[in-house]
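> got a structure for you, letters missing:
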Ligand SMILES: NC(=O)C1=CN([C@@H]2O[C@H](COP(=O)(O)OP(=O)(O)OC[C@H]3O[C@@H](n4cnc5c(N)ncnc54)[C@H](OP(=O)(O)O)[C@@H]3O)[C@@H](O)[C@H]2O)C=CC1
Ligand SMILES: CC(C)(CO)C(=O)C(=O)O
């Protein structure tokens, strides 16, 4: 199949390379140094899915109408990237590969003739230099939309993508987006202190901060009436139990996620943006928890503080000392 990938960074590059390896015809969009590197040297993928070097057509906007589109930008770039490609893409089925809660709604609004789905990925991919991606944790991805059971198009699309990388179609996608939001509470602290996710979770006091942000996010989700979807064995029952546990026990949750991630250091997607001097997605992750809390008439002080600290690092370009984070969170 001809597949268009908008945003060939960490996950876009991973999907592009693996789809080419599976025999699909792939065109990607990129810009600046990334575009130059992919045009001249293709995409080099290393790590959890083996080594592969994919030659793909690359330009700033898709030139040919594909049979399927993956939108793989960060959340804050999605609207502009979709708009730039709308003339070619509107009417084509779209899969938005994105963290946060808004990806599918944004694509559906901007591409009224397309059938839009979302994909939640637990793959950890590090975009180490233009055109080069290293997968530090391979994992299943979950595809769907809305609240109901998986529809036929989601199943067909998951089957196509599974030729390259494991993807399952799931029901209750909106609840699963919330579960992924809880997993993404792993992103902020590593980004603030400039360490890997594994290092942060191994640090007793930082792990407590991560656990506190997760517990706060779960409580906000429950206040919003969310039924958490199941991802990698983490679902509604376990998260409800976690929301009631004291933090001393709740620290088990980030610890279990860290064990699943393995030992190859993963920076997380938020820190990767910072290292490239780019704005982060934090307003769509911890910031989303703060907005959802406010909609429920609550406050989310842990997530508000982490959002502010990530913005501080964005502005200064320098990570903060661990003590500063602990002081800001009174941890
Ligand atoms: N990386 C990971 O391990 C994981 C990421 N995710 C999620 O997947 C999504 C993608 O993340 P990730 O792959 O890390 O992001 P990256 O920042 O690595 O890649 C996004 C790419 O999109 C490009 N881009 C941005 N705007 C445009 C535009 N207008 N036109 C063309 N290209 C554009 C960027 O180019 P440029 O560099 O020039 O800005 C970049 O190459 C995010 O929502 C993230 O949270 C989910 C699970 C794991
Ligand atoms: C799963 C995880 C934490 C992988 O790094 C991720 O979603 C991200 O980095 O944004």
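Great, that's in hand. Everything numeric in this text was worked out from a predicted model, so none of it was measured. Ligands and ions are numbered 1, 2, ... in the order given.
> okay, now the nearest residue to residue 320 once chain neighbours are set aside: neighbour count?
Once flanking residues are discounted, residue 320 sits nearest to residue 192: 5.4 Å by Cβ to Cβ, 6 or more residues apart in numbering. No exception for glycine: its C-beta is placed from N, CA and C like everyone else's. Residues lying near residue 192 (other Cβ atoms under 10 Å) number 28.
> Same check on residue 200?
Neighbours of residue 200 (other Cβ under 10 Å): 27.
> ok, residue 244 - contacts?
If you count contacts by Cβ atoms under 8 Å, 6 or more residues apart in numbering, residue 244 has none.
> That one and residue 62: what is the separation?
To residue 62, residue 244 is 48 Å away according to Cβ to Cβ, to the nearest Å.
> re earlier: which SS class is the residue nearest to residue 320?
Look at residue 192: counting by DSSP: H, G, I helix; E, B strand; the rest coil, its state is helix.
> For it, report the pLDDT, please.
As summarised for this prediction, residue 192 has a pLDDT of 98.
> What of residue 331?
79.
> That one: neighbour count?
Other residues close to residue 331 by other Cβ under 10 Å number 15.
> Spit out the contact partners of the nearest residue to it once chain neighbours are set aside.
Nearest residue to residue 331, sequence neighbours excluded (Cβ to Cβ, 6+ apart): residue 209, at 5.0 Å. Applying Cβ under 8 Å, 6+ apart, we find residue 209 in contact with 189, 302, 306, 325-326, 329, 331.
> Among those, name the buried ones.
When the contacts of residue 209 are checked for burial by 16 or more other Cβ atoms under 10 Å, the buried set is 189, 302, 306, 325, 329.
> who's in contact with residue 36?
residue 130.
> do you know how far it is from residue 30?
Counting by Cβ to Cβ, the gap from residue 36 to residue 30 is 9 Å.
> Close to ligand 1: what parts of the stretch 51-200 of the chain are there?
By Cβ under 6 Å from any ligand atom, the part of the stretch 51-200 of the chain that sits against ligand 1 consists of 72-75, 77, 80-81, 84, 97-99, 121, 123-125, 127.
> Just the ones in strands from those residues, please.
Using DSSP state E, the subset of these located in strands is 97, 121, 124-125, 127.
> Could I get these in JSON lines, plus columns for neighbour count?
Listed next are these as JSON lines, based on neighbours: other Cβ atoms under 10 Å:
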{"residue": "97", "neighbour count": "25"}
{"residue": "121", "neighbour count": "23"}
{"residue": "124", "neighbour count": "26"}
{"residue": "125", "neighbour count": "26"}
{"residue": "127", "neighbour count": "23"}
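> ok, and the closest non-adjacent residue to the most centrally placed residue in the chain?
Compute the mean C-alpha point of the chain, and by Cα atoms, centre = their mean the closest residue is residue 99, 3.6 Å away. Leaving aside its sequence neighbours, residue 99 sits nearest to residue 184 (Cβ to Cβ, 6+ apart; 5.3 Å).
> Now do that neighbour, the pLDDT please.
Model confidence at residue 184 (pLDDT) stands at 98.
> what's the spacing between it and residue 213?
10 Å.
> okay, those two: which has more neighbours?
residue 213 (28 against 24).
> what's the closest non-adjacent residue to that one?
Residue 213's closest residue in space is residue 185 (Cβ to Cβ, 6+ apart), at 4.4 Å.
> Looks to me like the one you found is in a helix.
Yes. Using three-state DSSP, the assignment for residue 185 is a helix.
> Around residue 35, count how many other residues there are.
Counted with other Cβ under 10 Å, residue 35 comes out at 18.
> That one reaches residue 61, doesn't it?
No. If you go by Cβ atoms under 8 Å, residue 35 and residue 61 don't touch, sitting 10.9 Å apart.
> shared neighbours of these two, anything?
What both residue 35 and residue 61 touch, as defined by Cβ under 8 Å, 6+ apart, is an empty set.
> if we can go back for a sec, which members of the buried ones among the contacts of residue 209 occur in helices, if any?
Residues of the buried ones among the contacts of residue 209 located in helices (DSSP state H): 189, 302, 306, 325.
> Which one of the residues in the stretch 101-250 of the chain is closest to ligand 2?
residue 124 (3.7 Å; Cβ to the nearest ligand atom).
> per-residue pLDDT, that residue?
Residue 124 is given a pLDDT of 98.
> residues in contact with residue 75?
Taking Cβ under 8 Å, 6+ apart as the test, what residue 75 contacts is 98-100, 102-103, 281, 284.
> Quick one: these as TSV, columns for pLDDT and distance to residue 8 too.
Shown next, in TSV, are the contacts of residue 75 (pLDDT from 0 to 100; distance: Cβ to Cβ, whole Å):
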residue	pLDDT	distance to residue 8
98	98	15
99	98	17
100	98	20
102	97	22
103	97	17
281	98	17
284	98	20
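> filter those residues down to the ones close to ligand 2.
Okay, of the contacts of residue 75 touching ligand 2 (Cβ under 6 Å from any ligand atom), that's residue 99.
> Keep only those of the contacts of residue 75 that are in helices.
residue 103.
> For the contacts of residue 75, pick the one with the most neighbours.
residue 98 leads the contacts of residue 75 on contacts (other Cβ under 10 Å) with 28 neighbours.
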